[in-house]
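**Q** Generate a structure from the sequence data that follows.
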Amino acid sequence: MKIPGPKSEELMKRRHEAVARGPFHCTQIFAKSAKGAVITDVDGNELIDFAAGIGVVNVGHCNPHVVEAIQRQAAELVHGSFNVTPYERYVQVAEKLNQLTPGSFKKKTFLANSGAEAVENAIKIARAFTNRPAIVSFEHGFHGRTYMAMTLTAKDKPYKTGFGPFNSEVYRAPYPDPYRWPGGAERVSAECFAKFEELIQQIGPAKVAAVIFEPVLGEGGFIPFPKDFLASLSSFCKRNGTVLIADEIQSGFGRTGTLFASEQLGLEPDLITLAKGLAAGMPLSAVTGRAEIMDAPIEGGIGGTYGGNPVACAAALAVFELFEKGDLLARSKRLGEKIEARLRGWQQKYSVIGNVRGLGPMQAIELVKDPKSKEPNPEATKALMAYCNRNGLIIMSAGTYGNVIRLLMPLVIEDGQLERGFTIMEQGLQEISK
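**A** Sure thing, here's the model as predicted:
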């Protein structure tokens, strides 16, 4: 097995000639097909997938139930534009999301194409409802690549480099990271929330339309928000008429062991943004939330040509059925327990692993040069990714310092595939620890 093989190498040459340099690649292989948790490249190599298309195919690549729903819908109606000729699939997806997302209050839903588009519209909706300008996001957060989403995103390189100026009235609060907080894990929530309140006073509470956060950081390194911090944040937003927006684009649809991470964190956000696992690979995103907030924009104020495409909606409805009628959530919880146990075992053996963290099967390891100094080790992270990719395992990095390996395998991964992937990862850890 040679990875990448000659066909992938030739296609990569063509890619560099024909495609803008901006898009990055975690691997050098070109995929031809995929099933469950295995991707087959154009050279016939089979690779175990611990990335799931960046947390998209939670129900597995080419899940038969989803494929059948896509094929059936594509033969009936591919596109109509909900703004021109409405169709039932859009309404059905909205009804399901209104039912399934956290919160017992009346909800409504808007559908779009991508996670970034969901974030953009959530901000528009919050500003329309409050008639306030300011938005607060958090350090290490990632919310997308369009201009408002990019402004909300914390990390400069590569997401924001060369693209300024950015949108106004966006402010960034410290993130309560228990591993790196100067005061220690015991004091992180109280001290960090005090800094959040200090920032709000500088802005003016009456000017803050919304606070947006990821219940578990995605690109920022898979750090879950502490529950006590979120309780304080939720209380603050209620007192001040501020819209609380949970960005569950990466943490949704079983990725953390429950349908949404907010469920485990005791949170009922005013608005929730969704994408990725929502439609198992089809382009679909959503903003779901309190009906009175969702109805704030005037008719025609939000919309789009492709948002809530019939085929993508059919895929989403199939995903809902898989979660409702199968054992995916129970499987997700068991998977999370297996992953965490393995990672914590590695932490005891390999000093390069400074921290293990996550929620359910949304787990990560942070690699450091020294466990006491906690100095980030992006070089070891790149070396581990390269080793795994060469040996038939796809993994991804994350983190503000580029020193986190995040695990996003499909929830349907077979035990043998999981063990084979872990074997390759541990062999890589042994290699970089020499």
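**Q** So for the most centrally placed residue in the chain, what's the nearest residue that isn't a sequence neighbour?
**A** Taking Cα atoms, centre = their mean, the centroid of the chain lies closest to Gln250, which sits 1.7 Å from it. Of all residues beyond its chain neighbours, the one nearest Gln250 is Gly218 (3.7 Å), with distances taken as Cβ to Cβ, 6 or more residues apart in numbering. C-betas here are computed from N, CA, C, even on glycine.
**Q** and stretch 218-234, how far out from the chain's middle?
**A** 14 Å (Cα atoms, centre = their mean, to the nearest Å).
**Q** three-state assignment of the closest residue to Val368 other than its chain neighbours?
**A** Spatial nearest neighbour of Val368, excluding adjacent residues (Cβ to Cβ, 6+ apart): Gly354 at 3.5 Å. Secondary structure for Gly354, judged by DSSP: H, G, I helix; E, B strand; the rest coil, is strand.
**Q** so what's Gly354 scoring on pLDDT?
**A** Per-residue pLDDT puts Gly354 at 97.
**Q** what sits against it?
**A** By Cβ atoms under 8 Å, 6 or more residues apart in numbering, the contact set of Gly354 is 179, 366-368, 371, 374.
**Q** List buried residues within the residues you listed.
**A** Neighbour-count burial (16 or more other Cβ atoms under 10 Å) applied to the contacts of Gly354 gives 179, 366-368.
**Q** Confirm for me that Leu329 is in contact with Thr258.
**A** Yes - between Leu329 and Thr258 there is a contact under Cβ atoms under 8 Å: 6.6 Å.
**Q** between those two, which one's more packed in?
**A** Thr258 (20 against 17; other Cβ atoms under 10 Å).
**Q** number of nearby residues for the residue nearest to the more buried one when sequence neighbours are not counted?
**A** Once flanking residues are discounted, Thr258 sits nearest to Gln264: 5.4 Å by Cβ to Cβ, 6+ apart. As a burial measure, Gln264 scores 17 neighbours (other Cβ under 10 Å).
**Q** For Arg72, list the residues it contacts.
**A** Ala314 are the contacts of Arg72 under Cβ under 8 Å, 6+ apart.
**Q** Can you tell me how far the residue nearest to Thr258 is from Ser251?
**A** As judged by Cβ to Cβ, to the nearest Å, Gln264 and Ser251 stand 10 Å apart.
**Q** Which residues are in contact with each of these two?
**A** Listed as contacting both Gln264 and Ser251 by Cβ under 8 Å, 6+ apart are Leu359.
**Q** Look up how far Ala261 lies from the residue nearest to the centre of the chain.
**A** 9 Å.
**Q** anything in contact with each of these two?
**A** Common neighbours of Gln250 and Ala261 (criterion: Cβ under 8 Å, 6+ apart): 216, 362.
**Q** Tell me the helices and strands packed up against the lengthiest helix in the chain.
**A** Secondary structure of the chain per DSSP state H: the longest helix is helix 328-349. The contact analysis (3 or more Cβ pairs under 8 Å, 6 or more residues apart in numbering; DSSP states H and E) places helix 328-349 against strand 353-359, strand 362-367, helix 415-432.
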